[in-house]
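Asker: Dropping a prediction and its sequence here:
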Amino acid sequence: MAHVVAYIPDLLFGSRVQADLVADGHTVALVGDAGAVRDALSSANALVVDLTDDVSRRAELVESLSGEGLLDGIRTLAFYSHVEVDTRQRAEDTGFDLVIPRSRMAREGAALITRLTATF
């Protein structure tokens, strides 16, 4: 299974995602800020990023990490509020491997991470 870094500042939702991923056999580092993302990436197979707030900064972080080669070998998943169409487009333009609504992350997050990391 995968080692997942989950950049989800919303602790309640982040804990739910973490519990779902752990129940599916993944290990998870739940982080709440950009600096912690960098620190946790060294052993990661996947990075999950919550884009429901501050999409520009979080997209810029992922672009920066990618440009530095820190995301080589790491699959990326972003989730957003379904009403934020511009956020989805920004995430796709940023180059996330998978971009999904928050509701889908809540329902299928663990299975999506399993599939995403199995094909890489």
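Answerer: Yep, that arrived.
Asker: Please go through the chain and pick out the longest helix.
Answerer: helix 102-118 (DSSP state H).
Asker: buried ones in it?
Answerer: Within helix 102-118, the residues that count as buried by 16 or more other C-beta atoms under 10 Å are R102, M105, G109, A110, L112, I113, T114, L116, T117. The C-beta positions use only the backbone N, C-alpha and C, and glycine is treated the same way.
Asker: Could you check how many residues crowd around the closest residue to T117 other than its chain neighbours?
Answerer: Leaving aside its chain neighbours, T117 sits nearest to A2 (4.0 Å; criterion: C-beta to C-beta, 6 or more residues apart in numbering). Applying other C-beta atoms under 10 Å, we find 21 other residues in the vicinity of A2.
Asker: With D72 instead?
Answerer: By other C-beta under 10 Å, neighbour count at D72 equals 8.
Asker: What of D97?
Answerer: 16.
Asker: So what does it have for phi and psi?
Answerer: phi -70, psi -30 (degrees, to the nearest 10).
Asker: residues in contact with it?
Answerer: Residues near D97 by C-beta atoms under 8 Å, 6 or more residues apart in numbering: R75, T76, L77, L116.
Asker: Also H3?
Answerer: H26, T27, V28, A29, S43, A44, N45, A46 are the contacts of H3 under C-beta under 8 Å, 6+ apart.
Asker: Show me the beta-bridge partners of it.
Answerer: Beta bridges link H3 to T27 when assigned by DSSP bridges.
Asker: Next one: it from T52, what distance?
Answerer: As judged by C-beta to C-beta, to the nearest Å, H3 and T52 stand 24 Å apart.
Asker: tell me the secondary structure for L77?
Answerer: Assigned by DSSP: H, G, I helix; E, B strand; the rest coil, the conformation of L77 is strand.
Asker: In contact with it, which residues?
Answerer: So L77 contacts 46-49, 96-100, 105, 112-113, 116 (C-beta under 8 Å, 6+ apart).
Asker: quick one on the thing from earlier: show the pLDDT at the residue nearest to T117.
Answerer: Looking at A2, its pLDDT is 91.
Asker: Could I get the full set of strands for this protein?
Answerer: 3-7, 27-31, 46-50, 75-80, 98-101 (DSSP state E).
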